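K.L.:
Predicted coordinates and the sequence they were generated for:
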Amino acid sequence: MPFCTKCGHEASATDAYCSLCGAPQAGAGAPRFRPSPPPPQQDPLAGLSPRTAAILCYVPAIGWIAAIIVLAARRFKEDRLIRFHAFQGLYLFAAWLIVDWVVGPLVRLSPGHHVPLDTLLHGLILAVSIFMMVKASHDEAYVLPIIGELAQRSATEQ
């Protein structure tokens, strides 16, 4: 016994329309049901300029999300400059996490009154992030020490 081509309800071979959903059936000379083709997928990053994508990779605290999106996007797959900025932004965020999770607790656990090293390092990383946003806005690939070299290697590997 045939079934409805739209909802799957049981139908007879002579039914012109489904008794449940009303969709036309292939039997009894009814027009054959053909679903419309899905609309072409649009790139959600189509309106995002490469310069803006590079700047977003350095936004403190949330730039890592933009960096991952940029690295995963087909649109920027061949753009080495944007991939460099995305990797460097990720590595800068990793440095922030190291200061937050390793240096900070070590400073707080050490006896005596010390300079708040973790606060100074967080301020330095924030200043570097702002500096890199300015460089990215001028389409410059400024290579930070250590982090930038890693980013260059990562951007060239596919």
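P.N.:
In hand now; what should we look at?
K.L.:
just checking, next helix/strand downstream of the lowest-mean-pLDDT helix or strand in the chain?
P.N.:
Sorting the helices and strands of the chain by mean pLDDT, DSSP states H and E puts helix 104-109 at the bottom, at a mean of 88. Later in the chain than helix 104-109, the nearest helix or strand by DSSP states H and E is helix 117-137.
K.L.:
Could you name the helices and strands sitting against that next one?
P.N.:
Under the contact definition 3 or more CB pairs under 8 Å, 6 or more residues apart in numbering; DSSP states H and E, helix 117-137 sits against helix 50-56, helix 80-98, helix 104-109. Where you see a C-beta, it was placed from the backbone N, CA and C, and this is true even at glycine.
K.L.:
quick one: residue 20 and residue 46, what's the gap?
P.N.:
As judged by CB to CB, to the nearest Å, residue 20 and residue 46 stand 40 Å apart.
K.L.:
for the helices and strands packed on helix 117-137, which one ends up most surrounded?
P.N.:
helix 80-98 (a mean of 22; mean count of other CB atoms under 10 Å).
K.L.:
Find the nearest non-adjacent residue to the residue positioned nearest the centre of the chain, please.
P.N.:
The residue lying closest to the centre of the chain (CA atoms, centre = their mean) is residue 69, at 1.5 Å. Of all residues beyond its chain neighbours, the one nearest residue 69 is residue 45 (7.5 Å), with distances taken as CB to CB, 6 or more residues apart in numbering.
K.L.:
helix/strand/coil for that neighbour?
P.N.:
coil (DSSP: H, G, I helix; E, B strand; the rest coil).
K.L.:
What does the pLDDT read for it?
P.N.:
Residue-level confidence at residue 45 comes out at 84, pLDDT.
K.L.:
shaky segments in this structure?
P.N.:
For the chain, applying pLDDT under 70 flags the ranges 1, 27-36, 113, 158.
K.L.:
can the helices and strands packed on helix 117-137 go into a markdown table with extra columns for distance to residue 8?
P.N.:
Shown next, in a markdown table, are the helices and strands packed on helix 117-137 (distance: least, CB to CB, whole Å):
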| stretch | distance to residue 8 |
| --- | --- |
| helix 50-56 | 44 |
| helix 80-98 | 45 |
| helix 104-109 | 59 |
